[in-house]
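Chemist: heads up, no residue letters with this:
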């Protein structure tokens, strides 16, 4: 399985260290990473980007707009986007309880760089 790509990933987490980690792992492998520290900021980043976003990688527990609600809002403007939820507090079933398509991805924090790369590639493929 290849782990590199050229897709655009919108990463959302209120933990700036986690955002830096995601960027340091994905960028060298060819991904374009757009970062946001909140759901509201993610909506602004997505709107100002104006181009296709292939993957929303979002923490489930965010201040303000929660991860699942953010995914629903992003899907309104980017219906083809894939969604990968991440959390250190929830079980994967949280990401599965929505009947909407493309809500199937989940990665448990903390995760290794290699597991993030594999999961991102799996969701995008």
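Modeler: Nice, I can see it. Computed from a prediction, not measured in an experiment: that's the story for all the values here.

Chemist: can you pull up the bridge partners for the residue positioned nearest the centre of the chain?
Modeler: Nearest to the mean C-alpha position of the chain, counting by Cα atoms, centre = their mean, stands residue 57 at 0.5 Å. Assessed by DSSP bridges, residue 57 has beta-bridge partners residue 11, residue 84.

Chemist: mind listing what it touches?
Modeler: Contact analysis of residue 57 by Cβ atoms under 8 Å, 6 or more residues apart in numbering lists 9, 10, 11, 12, 22, 84, 86, 120. Just so you know, the C-beta spots here come from the backbone N, C-alpha and C atoms, and that holds for glycine as well.

Chemist: Farthest-apart pair in those, please.
Modeler: For the contacts of residue 57, the farthest-apart pair by Cβ to Cβ is 12 and 120; their separation is 14.1 Å.

Chemist: Have a look at those two and say which one is more surrounded.
Modeler: A count of neighbours by other Cβ atoms under 10 Å puts residue 12 above the other of residue 12 and residue 120, at 29 against 26.

Chemist: Would you agree the more buried one is in contact with residue 43?
Modeler: No - the criterion here is Cβ atoms under 8 Å, and residue 12 misses it with residue 43 at 9.7 Å.

Chemist: what do those two both touch?
Modeler: Contacts common to residue 12 and residue 43, judged by Cβ under 8 Å, 6+ apart, are residue 70.

Chemist: My guess is residue 88 contacts residue 111. True?
Modeler: No - judged on Cβ under 8 Å, residue 88 makes no contact with residue 111 at a distance of 9.4 Å.

Chemist: Out of these two, name the residue with the larger neighbour count.
Modeler: More neighbours surround residue 111 than the other of residue 88 and residue 111, with 18 against 13 (other Cβ under 10 Å).

Chemist: Can you verify residue 35 is assigned to a strand?
Modeler: Yes - under DSSP: H, G, I helix; E, B strand; the rest coil, residue 35 falls within a strand.

Chemist: ok, it - contacts?
Modeler: Contacts for residue 35 (Cβ under 8 Å, 6+ apart) come out as 11, 12, 19, 22, 23, 45.
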